[in-house]
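Q: Have a look at this prediction, sequence included:
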Amino acid sequence: MKKLFIIIFSFLLLTSCGNKKQQLILSTEAGFAPYEYYSNGEIVGVDIDIAKKIADYLDMELVIKDVAFDSIISEVKTGKSDIGAAGISYTEERSKEVDFTINYSESKQVVIVKKKTNIYNIDDIKLLKIAVQLGSVADSYITENYPGVDLTREKKFLAAIQDLKDDKVDAVVMDELPATKLIDDNMRILDEPLLVDNYGMIVKKGNTKLLEDANKVINDLKESGEIDKFLLEHMGIEKHKKESKISLYDRFYNSVIYDGRYKYILEGLKNTLLIAIGAVLIGIVLGTIASISRNIYENTGHLKLLNLISKTYVSIIRGTPSTLQLMIIYYVIFKQTNINIVLVGILAFGINSGAYVAEIIRAGISSISKGQWEAGYSLGLNYYQVISKIILPQAIKNILPALGNEFITLVKETSIGAYIGIVELTKASDIIASRTYDYFFPLILIAIIYLIITLLLSKLINSMEKRLKNA
Amino acid sequence: MLEIKNLKKRFGNKKVLNGINLNVNERDIIGIIGPSGCGKSTLLRCINLLEKPNSGKIIFEGDNLLDNKSFTNTRRRIGMVFQQFNLFEHMNVLDNIIFAPVKLKILKKQDAIKIAKNYLKDIDLEDIANNYPSEISGGQKQRVAIIRTLMMKPDIILFDEPTSALDPEMIGEVTNLMRKLAKEGMTMIVVSHEMNFIKNFCTKVVFMSDGVIVEEGTSKEIFESPKDQRLKNFLSKINSY
């Protein structure tokens, strides 16, 4: 018996190893060419090339996760990702949270200004308005060393450049490499860099095995000159076209058709719809349970515990921001598991929507006059017969408009899924803009798609209302 | 058949019923009159247990209803007709009438439909069987509500101001149906402001004021030789209209 057990066990072990390589999960924020960016539906870049070499060395399969830059450290810290790479500079503060590999690339933080200004020296920036990427080296360096600077922290360095274009700021501070690709004819880079620093990859504290292996691979790549080759390769792929000189059609072509970029929109649309539909279903189920258990308790005294849970659930969900709920569910509750991120979105938005649906149903029940209850009771019907056959059928008619509103809100709310790296519509437009440096068409396009979805939805609800009215 | 003993009901600090004693015999038609706020509607609602009395006894066919945990069985035997009709708005007239007996498995659906249609035919309402409550008049609604109650074969029917929400020309069609039921021997308790109807229709009239029964007697005694000053005041106010 024991022998058989051992045989089966080792067989299982063997097949599980044989069929599938173990995964090395890398989290990054694609949108930082040439280190990581989207091309033809895939995330590529210098960091990715290096990570692939590390995965090869370890005989593992590289899985790339695209999350917000602010989230990369917590991804690695919580063990949701094995390794993080996104042009992350070494800082003392960060090194308290995670371990850094040896640096693989040297980066200069440079100052970009408009050509016509008379800013030439680094010392001139002391009292300027400056835009940086939130959480980047430039952000922490300027905050610490230039207290007189009026700092604008943008989520994306593209937005920082846009601020300069629009004269909202006097200067932008960012890495030299993307800076040279981003500036247009009206801008120049100050000769002297603000700061020279080094990029490293990050791993979970105490994961010395991975750290040593990664260091070895990086060291080999550096010595053989391969990292420089990666850099040149990725910088040569696409020369940034200057916006002012290309026609509207070219911009549309660049944003939507070139390099199969509409695929991001399709992928985003698919995920947005998946999350919205899944969340609506979960929301209806949870909302019905929460509101009906409350009503049962109020009328019969049964289900005391469920009523208490429902009340707590509704107050917590209604009292906290949905972005926070999403992040708590992803980074705290599903901390250790490798759950599909779209599924996390469906769950999080479903749980959120359920609380609002519960309140809508509750309001719908109270909108039915007391006389309907009493007529039912006076005929000898019990609570359950009255609520299910007399009150709810009438309440549903009354709550349909509010319910429709909730679902329309839900479709739009899914856009915050980008926070945890879900490629839904908004994230899709972001990905495209991070390649084209042009926000116009991606944003307008997804706005139109959202509008079409919500218009169709309200039409559907209108026709349901009419059908119920006639019924 | 129904005996109410020292029934008390408070809403918060307000004493609405302050010790009611009332006997109802089979085939009695009891009219309850009194100024508004005197507790007459609350008394009806307590009998049907839509309100829970604070103390006292309601003895129906030998059982104290307030001892029973399940109200539903007694409610089937005590019908109630409301001022606002309270027809189920999402059901047509026929479904309103047959819903409870079919749901409670008292009648098979086909039988219930047959009986309901006969009732409707008796009062010339068979044409509106498939109409929704929102499509018919107040007088029609109240007659449908009465038939809905009759389907449960109640031993007694409570009428809570059945004509107060009706336009004057429709009051007759409802009171005519009630007269018909009385002739057939139905026991009824009626709260109403229709003094002519109470006077000509009821076997016993009860005058309530401030949560107690002040005076009771035949309609002749109450209307022609009132004794209590409060009843006299009440009747003179009504007659001055």
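A: Okay, I see it.

Q: all strands for chain A, in order.
A: In chain A, the strands defined using DSSP state E lie at A:23-28, A:37-39, A:42-44, A:61-66, A:83-89, A:98-100, A:105-114, A:129-133, A:150-154, A:171-175, A:187-189, A:195-204.

Q: for A:T300, what are its contacts?
A: Neighbouring residues of A:T300 by CB atoms under 8 Å, 6 or more residues apart in numbering or on different chains: A:Y383. All C-beta spots, glycine's among them, are computed from the backbone N, C-alpha and C.

Q: How are the strands of chain B distributed by residue range?
A: B:2-11, B:14-24, B:29-33, B:55-60, B:63-64, B:78-81, B:156-160, B:187-191, B:204-209, B:212-217.

Q: Averaging pLDDT over each of those strands, report the lowest-scoring one.
A: Note on the strands of chain B: lowest mean pLDDT is at strand B:63-64, with a mean of 87.

Q: Tell me the strands beside that strand, with direction?
A: Here strand B:63-64 has these sheet partners by DSSP bridges: strand B:55-60 (antiparallel).

Q: And the closest residue to A:K53 other than its chain neighbours, how far from A:D82?
A: Sequence neighbours aside, A:V217 is the residue nearest to A:K53 in space, at 5.2 Å (criterion: CB to CB, 6 or more residues apart in numbering or on different chains). In this view, A:V217 and A:D82 are 14 Å apart by CB to CB, to the nearest Å.

Q: Those two: which is more packed in?
A: Set A:V217 next to A:D82 and count neighbours by other CB atoms under 10 Å in any protein chain shown: A:D82 wins out with 25 against 21.

Q: Tell me who's in contact with that one.
A: A:L24, A:I25, A:L26, A:V76, A:V203, A:K204, A:N207, A:L210.

Q: And for B:Q229, the neighbour number?
A: 9.

Q: How much space separates the closest residue to chain B within the stretch 51-200 of chain A from A:S89?
A: The minimum distance from the stretch 51-200 of chain A to chain B, using CB to the nearest CB, falls at A:A68 (49.0 Å). According to CB to CB, A:A68 and A:S89 sit 17 Å apart.

Q: now A:G380
A: With CB to CB as the criterion, A:G380 and A:S89 are 76 Å apart.

Q: Show me which of those two is the more surrounded one.
A: Higher neighbour count among A:G380 and A:S89: A:G380, with 23 against 20, using other CB under 10 Å.

Q: give me phi/psi at that one?
A: Dihedral pair for A:G380: phi 90, psi 10, per degrees, to the nearest 10.

Q: Could you measure from B:M170 over to chain A?
A: Per CB to the nearest CB, to the nearest Å, B:M170 is found 19 Å from chain A.

Q: Now do A:I452: how many residues are near it, please.
A: 10.

Q: ditto for A:E233
A: Look at A:E233: counted by other CB under 10 Å, it has 14 neighbours.

Q: who's in contact with it?
A: Shown in contact with A:E233 (CB under 8 Å, 6+ apart): no residues.

Q: Let me know the pLDDT of it.
A: As predicted, A:E233 sits at a pLDDT of 76.

Q: show me the contacts for the residue nearest the centre of chain B.
A: Geometric centre of chain B, nearest residue: B:F159, 1.6 Å, by CA atoms, centre = their mean. With contacts defined as CB under 8 Å, 6+ apart, B:F159 is in contact with B:V81, B:M178, B:M188, B:I189, B:V190, B:V191, B:S192.

Q: and these, which two are the farthest apart?
A: The largest separation in the contacts of B:F159, counting by CB to CB, is between B:M178 and B:V191 at 12.6 Å.

Q: Columns distance to B:K108 on top of the strands of chain B, output as JSON lines?
A: Shown next, in JSON lines, are those (distance: least, CB to CB, whole Å):
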{"stretch": "strand B:2-11", "distance to B:K108": "30"}
{"stretch": "strand B:14-24", "distance to B:K108": "32"}
{"stretch": "strand B:29-33", "distance to B:K108": "32"}
{"stretch": "strand B:55-60", "distance to B:K108": "28"}
{"stretch": "strand B:63-64", "distance to B:K108": "29"}
{"stretch": "strand B:78-81", "distance to B:K108": "21"}
{"stretch": "strand B:156-160", "distance to B:K108": "24"}
{"stretch": "strand B:187-191", "distance to B:K108": "27"}
{"stretch": "strand B:204-209", "distance to B:K108": "38"}
{"stretch": "strand B:212-217", "distance to B:K108": "43"}
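
Q: quick one: low-confidence parts of the stretch 51-200 of chain A?
A: A:135 (pLDDT under 70).

Q: how about a cut-off of 80?
A: Where the stretch 51-200 of chain A drops to pLDDT under 80, the residues are A:107, A:134-137, A:140, A:155-157, A:177-178, A:181-182, A:197.

Q: Tell me the residues of it that contact chain B?
A: Applying CB under 8 Å from any CB of the partner chain, we find that the stretch 51-200 of chain A lies next to chain B at no residue.

Q: my guess is B:R75 meets B:L49, correct?
A: Yes - with contacts counted by CB atoms under 8 Å, B:R75 reaches B:L49, the gap being 6.6 Å.

Q: Just want to know which of the two has more residues nearby.
A: Shown here are B:R75 and B:L49; by other CB under 10 Å, B:R75 has more neighbours (23 against 19).

Q: related to what we said a few turns ago, shouldn't the residue of the stretch 51-200 of chain A closest to chain B be in contact with A:G31?
A: No - in terms of CB under 8 Å, A:A68 does not count as a neighbour of A:G31; the distance is 9.9 Å.

Q: okay, and the common contacts of the two?
A: Common neighbours of A:A68 and A:G31, using CB under 8 Å, 6+ apart, do not exist here.
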